[in-house]
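**Q** for reference, the sequence and a predicted model appear below.
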Amino acid sequence: TKQRAVSVNIMEKLTQTLDIISSPRRLRSVGTCPAPRQHTQDFSVATATVRPAMFRAASVSTCWAASMVVACAISVAGFRGGAQMYAEHIKDHHLKHGAPEHPIRTTPWSVPESDRRGRASGNATFSIAEFRATTQGQQSRSHTYAKANSANTTAFSHFFEGSVGSGHIALSLRQDYREHLTMAARDLGVKRVRGHGLLDDDMSVSYAEGKNSFYNVDSFVDFLLSIDMRPIFELSFMPEWLASIKNYTVCHYQGHASPPTDYTKWQELINALGTHLVQRYGEDLASEFRFECWNEPNDHFWSGSEEEYFKLYQHAAWGLKNASKRLRVGGPATNSAVRWMSDFLAFCNATGTPYDFVSTHDYSACSVTNLGDAQAAVLGLQKGRAILDPSTEWLITEYGASCVQGFGSGYNPPAAYHDMVDQAAYTMAVVDRAADYPGRASIEPQALSYWAFSDVFEEAFFPLANESFHGMFGLINLHGIPKPTYRAYQLLHEVGTTRVAVQGPSPPPPPTCGPVETGVDYYGHDIGSAPPNVTTPEECCHACSAVPGCLYYSFHTDSKQCGLKNGRNATPDASRISGSIVPPPNVDRCHQTTGVIAVINSTSSQLDVIVYNHEAYNTSVLDCTVRVEAPAGSVDFGAKSSTLRRIDGSHTNPLATWIAMGAPDYTTPAQNKAIMASSVMETQVLSSAQGVTIVGPSALDIVVPAHGTAAIRVNLINP
């Protein structure tokens, strides 16, 4: 305690710790100590009163106290081995982690016991649109591949390769960090990387006013250039000498998160950084870098106000522009796709403050609520894109199914999702809905930066147990083993750049409005709000029925606002009228959980068809038989050259291999070799693969397990 300069007594720390653990807020790790400014509704954990002022005075020592309380609780119970700890936590949240059978969720669309996994229990059909342009003057059956049918195709931009997240930048000096990022650049095609802490004291950038060293920054940039990547420099956190609150820090590495004592000195520091980079790398190359001011200033990563952040940004922007007008700077880097975005744009436009891009984050969930809900992430993109001018560069610099990390550190079971095949299917669902599609308005950002590429990551600390799979963000585990989501991005990277329209199953009959409760609020579980033209409870219900995943609604009679929900916690409220949605009878869940992405390669010689089967954590999922139909004469699914790769509970699932070993806390080199082998995607001949039935040259049936992904590659037949 003395070594960490604890500034409050232990009872205060325990009180704060209980607030942290029970807080209905974003719990990214036991080491980050959230101190939010706005309440977020979330009933997956018990609620408690949060006292932000206590956090501001507490510093990272409180974070340390919180982690120690959790660690002490574990040590009292005893570390009974990684496998048992893992199983107990997962069981508490009704999630079989990597087990053969995915549990059935209790929802209005509940699935009968007879339809549990183990057999294909649902069906869906997808027809790929005609993608060949008919040669002028020839019969319609004669085609050319020189030009795609523009009515049914659009560019597939690979925006998900624009950037990837990283542990704090001091880790970039480690060999394993560099090896893992080299893998990601090679296999996933990622173009940029972004992480916290460029200006932290452990990077030795700035010791005092005018005393700066950029040796470690240069080492980082030189390495990125060697693998053909570029940095997104997150300008954080505050060097200790410049921090206004010395004991307000975040994360295990104690980044100082308070405003500067002198904004002019802050600007001088940023100007020195920009000037150095221009001098070392030249304006042309330096202009390819991005400079993002801070990280999530609307969350506990910033002790100041919104106005103070705008001042910080303004001084940073001018510091960079004074070094070179070609350096590209942006913000506000907030923790949701739309938070502070309008205010940021208004401030910059009103004050003439330059910005070259806008950056925000977009997570589906920070708890079990909305965990793995692809539509929640897409909704954030829709809202953000609606605010921005289409020409504005928009970087989602953090993105994922869950913002929670560190399962092995003692709590946060939703973090287990990062290790599972579920997240691979989630990735496909998000890309399917977010990528440009023929006839659909674009919501694409210029980067959708998965957080993060490697488990070499220590916002909290390295794992106390389950080192191989401990629920950390990484696409790659500590031993360099790719997780299922890594393989999902690899599949997406390997496809071409022309997307083809796909006609899916006919939509089910619309849901109907169920019983209404007057004077009752369905609190929490928000998935969005209805349009402002919704002014009655009846209209609110109909708005809910039109939104996928909406099961409940709550209408505020005073403000005429309509909240859409996927769960409910009924509480008395005289100003509310709430109700539920009754699903249509005999809905085949496979019509709602499956999807197909079809992409032609750059030489128009191959067609990639990615079939996925995914739904949010708390929603039922079945094995599905999916029929894929291509235009007649375009492909031969039965050809020996047609291939299949899978990611599901039985394929490309290193987690399952580790669990079968007894989930050892520390794996041996031999065990890591075996786990690595199970991470490799096996390429099978499509016609002889299990679960595949060739119906004809241009049609097939394929069984896709719950939360599974199947990638088909077939040669196109030239006329």
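**A** Sure, I can see it. Numbers count the residues shown, from 1 in each chain.
**Q** quick one: name whatever helix or strand follows the strand or helix carrying residue 432.
**A** Using DSSP states H and E, residue 432 sits within helix 421-434. Moving toward the C-terminus from helix 421-434, the next helix or strand (DSSP H and E) is strand 447-450.
**Q** what is the subsequent helix or strand relative to that following strand?
**A** Using DSSP H and E, the helix or strand that follows strand 447-450 towards the C-terminus is helix 484-494.
**Q** quick check: angle from that next one to helix 421-434?
**A** Helix 484-494 and helix 421-434 are oriented at 40 degrees to each other (axes from the mean of the first three to the mean of the last three C-alpha atoms, to 10 degrees).
**Q** now do helix 484-494: which elements does it pack against?
**A** In this structure, helix 484-494 makes packing contacts with helix 175-188, helix 421-434, strand 606-613, strand 643-647, strand 708-715, judged by 3 or more C-beta pairs under 8 Å, 6 or more residues apart in numbering; DSSP states H and E. From N, CA and C alone the C-beta is placed, and that goes for glycine too.
**Q** need the helices for the stretch 451-600 of the chain, in chain order.
**A** Applying DSSP state H, counting those that start in this stretch to the stretch 451-600 of the chain gives helices spanning 484-494, 537-545, 590-593.
**Q** could you dump those into JSON lines with mean neighbour count added?
**A** JSON lines is the format used below for these (neighbours: other C-beta atoms under 10 Å):
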{"stretch": "helix 484-494", "mean neighbour count": "24"}
{"stretch": "helix 537-545", "mean neighbour count": "21"}
{"stretch": "helix 590-593", "mean neighbour count": "21"}
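**Q** can I get these in TSV with mean pLDDT and distance to residue 404?
**A** Output for the helices of the stretch 451-600 of the chain, formatted as TSV (pLDDT from 0 to 100; distance: least, C-beta to C-beta, whole Å):
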stretch	mean pLDDT	distance to residue 404
helix 484-494	98	15
helix 537-545	88	27
helix 590-593	88	23
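**Q** quick check: closest non-adjacent residue to residue 275.
**A** residue 323 (4.3 Å; C-beta to C-beta, 6 or more residues apart in numbering).
**Q** need the pLDDT of the spatially closest residue to residue 280 that is not a sequence neighbour.
**A** Nearest residue to residue 280, sequence neighbours excluded (C-beta to C-beta, 6+ apart): residue 218, at 6.5 Å. pLDDT recorded at residue 218 is 98.
**Q** in the helix or strand where residue 218 lies, what counts as buried?
**A** Assigned by DSSP H and E, residue 218 belongs to helix 215-226. For helix 215-226, burial by neighbour count (16 or more other C-beta atoms under 10 Å) applies to 216, 217, 220, 221, 223, 224.
**Q** just checking, what packs against it?
**A** Under the contact definition 3+ C-beta pairs under 8 Å, 6+ apart, helix 215-226 sits against strand 230-235, helix 263-286.
**Q** any chance of the ones you listed in JSON lines, plus distance to residue 204, mean pLDDT and mean neighbour count?
**A** Conversion of these to JSON lines gives the following (distance: least, C-beta to C-beta, whole Å; pLDDT from 0 to 100; neighbours: other C-beta atoms under 10 Å):
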{"stretch": "strand 230-235", "distance to residue 204": "16", "mean pLDDT": "98", "mean neighbour count": "24"}
{"stretch": "helix 263-286", "distance to residue 204": "13", "mean pLDDT": "98", "mean neighbour count": "18"}
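**Q** what's across from residue 361 in the sheet?
**A** Applying DSSP bridges to residue 361 gives these bridge partners: residue 398.
**Q** pretty sure it contacts residue 394?
**A** No. Between residue 361 and residue 394 there is no contact under C-beta atoms under 8 Å: 11.8 Å.
**Q** give the rounded mean pLDDT of stretch 180-199.
**A** Mean pLDDT, stretch 180-199: 98.
**Q** returning to what we had before: please name whichever of the helices of the stretch 451-600 of the chain is nearest to residue 514.
**A** Of all the helices of the stretch 451-600 of the chain, it is helix 537-545 that lies closest to residue 514, at 8.3 Å by C-beta to C-beta.
**Q** now that closest one, how far from the chain's geometric center?
**A** In terms of C-alpha atoms, centre = their mean, to the nearest Å, the centre of helix 537-545 is found 29 Å from the chain centre.
**Q** what about residue 159, distance to residue 341?
**A** Using C-beta to C-beta, to the nearest Å, we find residue 159 at a distance of 18 Å from residue 341.
**Q** er, residue 546 actually
**A** When residue 546 is compared with residue 341 (using C-beta to C-beta), they lie 25 Å apart.
**Q** which one's more surrounded, these two?
**A** Counted by other C-beta atoms under 10 Å, residue 546 and residue 341 do not tie: residue 341 has more neighbours, with 21 against 12.
**Q** ok, that one - contacts?
**A** Shown in contact with residue 341 (C-beta atoms under 8 Å, 6 or more residues apart in numbering): 332, 334, 358, 360, 384, 387, 388.
**Q** select only the buried ones of those in ChimeraX?
**A** Applying 16+ other C-beta under 10 Å to those leaves a buried subset, and the ChimeraX line that selects it is:
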select :332,334,358,360,384,388
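**Q** one step back: looking at the helices and strands packed on helix 484-494, spot the one closest to residue 478.
**A** helix 175-188 (7.5 Å).
**Q** and the next element down the chain from that closest one?
**A** Helix 175-188 is succeeded, C-terminally, by strand 192-195 (DSSP H and E).
**Q** partner strands of that next one, parallel or antiparallel?
**A** Partners of strand 192-195 in the sheet, by DSSP bridges, are strand 164-166 (parallel), strand 230-235 (parallel).
**Q** who's in contact with that strand?
**A** Counting by C-beta under 8 Å, 6+ apart, 162-169, 171-172, 181, 224, 229-234, 290, 292, 397, 447, 449, 452-453 sit against strand 192-195.
**Q** let's see 7 Å
**A** For strand 192-195, the external contacting residues (C-beta atoms under 7 Å, 6 or more residues apart in numbering) are 162-169, 181, 224, 229-232, 234, 290, 292, 397, 447, 449.
**Q** my read: residue 535 touches residue 558, true?
**A** No. In this structure residue 535 lies outside contact range of residue 558 using C-beta atoms under 7 Å: 12.0 Å.
**Q** picking up where we left off before, which among the strands paired with strand 192-195 is found nearest to residue 701?
**A** Going by C-beta to C-beta, the one of the strands paired with strand 192-195 nearest residue 701 is strand 164-166, 35.6 Å.
**Q** let me see the mean pLDDT of that closest one.
**A** Regarding strand 164-166, the rounded mean pLDDT is 98.
**Q** with stretch 451-461 instead?
**A** The average pLDDT within stretch 451-461 is 91.
**Q** same question for stretch 654-666.
**A** Mean pLDDT, taken over the full extent of stretch 654-666, equals 88.
**Q** likewise for stretch 350-365?
**A** pLDDT averaged over stretch 350-365 gives 96.
**Q** start to end distance for that stretch?
**A** In stretch 350-365, first residue to last residue: 34 Å (C-alpha to C-alpha, to the nearest Å).
**Q** off-centre distance for that stretch?
**A** The answer for stretch 350-365 is 18 Å, by C-alpha atoms, centre = their mean.
**Q** look at residue 392 and give its secondary structure.
**A** On the three-state scheme (DSSP: H, G, I helix; E, B strand; the rest coil), residue 392 is labelled coil.
**Q** give the contact list for residue 716.
**A** 145, 604, 605, 606, 607, 634, 635.
**Q** hmm, try it at 6 Å
**A** 605, 607 (C-beta atoms under 6 Å, 6 or more residues apart in numbering).
**Q** what's the local residue count around residue 314?
**A** For residue 314, the count of nearby residues is 21 (other C-beta under 10 Å).
**Q** I appreciate the help and will end here.
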